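**Q** 3D model of this:
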Amino acid sequence: MAEFMRSAEYSQLGVVARGIYSLYDAEKMEGLPVGVQVVGRRLEEEAVLAGMRVVVEALSGEGGKKTFNGGKLF
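**A** From the prediction side, this is the model:
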């Protein structure tokens, strides 16, 4: 984290983003809930669902299945 805060990428961040990075601690954040919104173009619901399926699989990790939307994956 300290290396990133000395990087050129960090220096290009705005004041708010820098403040958030200064408070971030990966160990303390582990396991906290996350909100994800996947959006797409009009009449492209299938593509949005396919994208969300990729997100769900990535977040499930190690092949585990998590349930969403009242127990339904989609």
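
**Q** Export only the CA atoms of the worst-scoring helix or strand of the chain on mean pLDDT, formatted as PDB.
**A** Of all helical and strand segments in the chain, the minimum by mean pLDDT, DSSP states H and E falls on helix 2-5, at a mean of 78. Extracted in PDB, the C-alpha atoms of helix 2-5 (Å, rounded to 0.1, in the frame of the first residue of the first chain):
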ATOM      1  CA  ALA A   2       2.800   2.400   0.900                       C
ATOM      2  CA  GLU A   3       4.400   1.800  -2.500                       C
ATOM      3  CA  PHE A   4       1.200   2.600  -4.300                       C
ATOM      4  CA  MET A   5       0.800   5.800  -2.400                       C
END
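
**Q** what's the spacing between that helix and its chain's center?
**A** Relative to the chain's own centre, helix 2-5 is displaced by 21 Å; criterion: C-alpha atoms, centre = their mean, to the nearest Å.

**Q** contact partners of it?
**A** Helix 2-5 is contacted from outside by 10, 21-22, using C-beta atoms under 8 Å, 6 or more residues apart in numbering. Using the backbone N, CA and C atoms, a C-beta is placed for each residue, glycine as well.
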